[in-house]
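I would like the atomic coordinates for the input below:
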Amino acid sequence: MKDKGFIIKQMEYFAEYRDREVFGMTPYEILEYKLFTLGYYHDQKGFEVPEDLFYCSYELIDQYMNKKGKVGYMRVYSPLEYYRACEDIKTEINISHIENGVRILSVTETYIDYSAKIEPEAVIYPNCFIEGDSFISAGSLIGPDSKIVSSKIGGNTTVLKSVVLQSTVGKNCSIGPFAYIRPDTTVKDNVKAGTFVELKKTVIDDNTTIPHFVYAGDAEIGRHCNISCGVITANYDGKQKHKTKIGNNVFVGCNSTLVAPVELQDNTFVAAGSTVVEDVKSGSLAIARAQQVNKEGWMEKTGRMKKE
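Model prediction:
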């Protein structure tokens with residue numbers, strides 16, 4: 001059992017680094033790290049209640065309560081108290097944002113990392129997680145039921161019931177519901193990525209619309225494009241990923257597959273249901289589907305005709 005003096009000294013050591021990203025961890029992870037460091041857990045057999053008073057440094061005392069030069073401590077005796085400490089941290093973070101002009105509709109159901117920055121007049125609906133060094137611009141509306149991780153959200157953008165990971169979303173965009181923005185994606189201004197749209201390592205230029213049910217991976221999509229329902233960029237051949245390039249003012253019809261590597265140049269049109277495997281030159285219409293054949297009387301001949 002470590003003596004109390006050693007523990008307090010250890011806590012003061014950690015406190016010296018509270019204004020930095022200690023080991024790149026969130027306050028929750030720092031809290032948990034300290035519990036392990038100070039011997040709260042014992043041989044994976046569960047929680048060990050110490051005989052003496054143990055303390056866990058409260059990282060947010062200086063940052064959110066303006067007690068500079070002082071170190072705050074919380075007594076933590078059990079896993080339950082550890083989780084209560086986490087709740088206190090969450091509440092202090094949320095209150096600090098509210099005081100700065102952010103509209104958080106539910107303090108108890110919003111989770112914001114201490115390193116995230118949110119500008120005044122942004123609105124955060126319940127059950128949202130804003131993690132890492134995310135930046136939420138003024139006028140944005142996040143949630144409900146959204147997760148933003150280490151991403152930048154531009155002004156007056158809506159993220160509804162969606163996930164944005166390590167990406168950038170511009171101004172006046174509409175994301176979701178149920179969109180999935182995967183890492184290394186850049187969505188520029190005035191873009192719609194609607195219901196069940198998944199983007200991975202993709203750049204989408206201004207004023208492009210992707211309304212619903214689309215997968216775009218390893219793609220570059222230009223300005224003023226319409227990517228219709230059911231479009232897929234087939235970027236993986238089983239061995240490596242390939243890029244799809246779509247120029248400006250391009251219309252891709254429903255249920256089309258763009259087999260990468262492929263390029264659709266400016267001002268092109270892809271007919272619905274096409275499987276595009278060759279580049280499409282500017283000003284062209286691409287139709288890549290089997291010719292329709294209607295066999296009259298087939299239902300009756302095969303015994304499938306039902307008479308009412």
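
Can you give the contact residues for stretch 123-136?
Stretch 123-136 is contacted by residues 26, 97, 102-106, 109-113, 115-119, 122, 140-153 when judged by CB atoms under 8 Å, 6 or more residues apart in numbering. C-beta coordinates here come from the backbone N, C-alpha and C atoms, glycine included.

In PyMOL, how would I select the buried members of the residues you listed?
A single PyMOL command is used to select the members of the contacts of stretch 123-136 judged buried by 16 or more other CB atoms under 10 Å:
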select buried, resi 26+97+102+104+109+110+111+112+113+115+116+118+119+122+140+141+142+143+144+145+146+147+148+149+150+151+152+153
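
and the most centrally placed residue in the chain, bridged to which residues?
Taking CA atoms, centre = their mean, the centroid of the chain lies closest to V164, which sits 1.8 Å from it. Going by DSSP bridges, V164 is paired in beta bridges with I148, I181.

again, but for S174
Going by DSSP bridges, S174 forms beta bridges with T158, K192.

still on that earlier bit, could you tell me which of the contacts of stretch 123-136 belong to helices?
H97 (DSSP state H).

Check what pLDDT L285 gets.
We note a pLDDT of 97 for L285 in this prediction.

Could you find the closest non-adjacent residue to it?
Nearest residue to L285, sequence neighbours excluded (CB to CB, 6 or more residues apart in numbering): F269, at 4.8 Å.

need the contact list for the one you found.
Contact analysis of F269 by CB under 8 Å, 6+ apart lists V250, F251, G253, S284, L285, A286.

Just give the number of residues close to the third one.
By that I understand G253. The number of residues packed near G253 is 20, by other CB atoms under 10 Å.

For it, give its distance to K90.
47 Å (CB to CB, to the nearest Å).

cool, and the first one?
Distance, V250 to K90, by CB to CB: 45 Å.

again with the fourth one
Between S284 and K90 the distance, using CB to CB, works out to 55 Å.

and if you look at the second one?
With distances taken as CB to CB, F251 is found 46 Å from K90.

more crowded one of these two?
Comparing F251 with K90 by other CB under 10 Å, the one with more neighbours is K90, at 21 against 17.

and that one, what does it touch?
K90 neighbours (CB under 8 Å, 6+ apart): T110, Y111, I112.

and it, that's in a helix?
Yes: if the criterion is DSSP: H, G, I helix; E, B strand; the rest coil, then K90 is within a helix.

Would you mind giving both backbone torsions of the residue of the chain most remote from its centre?
Outermost residue of the chain with respect to the C-alpha centroid, by CA atoms, centre = their mean, is K301; its distance is 54.5 Å. Torsion angles at K301 (phi, psi; degrees, to the nearest 10) stand at phi -60, psi -30.

And the pLDDT for it?
91.

State the distance from it to S151.
59 Å.

in the stretch 201-308 of the chain, which spans are helices?
Assigned helices in the stretch 201-308 of the chain, in chain order: 298-301 (criterion: DSSP state H, counting those that start in this stretch).

leaving aside the residues next to it on the chain, what's closest to S137?
Per CB to CB, 6+ apart, closest to S137 is G155, 4.1 Å.

Pull the number of nearby residues for the one you found.
Neighbours of G155 using other CB under 10 Å come to 17.

Please report how far it lies from A216.
From G155 to A216 the distance is 24 Å (CB to CB).

Equivalent analysis for V259, please.
Counting by CB to CB, the gap from V259 to A216 is 13 Å.

ok, now R289?
The value you get for R289 to A216, if CB to CB is used, is 21 Å.

So these two - more neighbours on which side?
A216 (26 against 13).

wouldn't that one be in contact with I210 here?
Yes: applying CB atoms under 8 Å as the test, A216 and I210 come out as touching, 7.2 Å apart.

Give the residue spans of the stretch 201-308 of the chain that score low on pLDDT.
With pLDDT under 70 as the threshold, the stretch 201-308 of the chain has no low-confidence stretch at all.

Point out where the stretch 51-200 of the chain drops to low pLDDT.
For the stretch 51-200 of the chain, counting by pLDDT under 70, the residues that fall below are 51-85.

Can you list the buried residues in stretch 230-243?
For stretch 230-243, by 16+ other CB under 10 Å, it's G230, V231, I232, T233, A234, N235, H242, K243.

now the end-to-end length of that stretch.
Taking CA to CA, to the nearest Å, the first and last residues of stretch 230-243 lie 19 Å apart.

Give me the contact list for that stretch.
213-220, 244, 252, 254-261.

Just the buried residues out of these, in ChimeraX syntax.
Command for ChimeraX, covering only those of those found buried under the criterion 16+ other CB under 10 Å:
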select :213,214,215,216,217,218,219,220,244,252,255,256,257,258,259,260
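
G155 contacts A138, doesn't it?
Yes: the pair G155 / A138 is scored as a contact, 5.5 Å apart, by CB under 8 Å.
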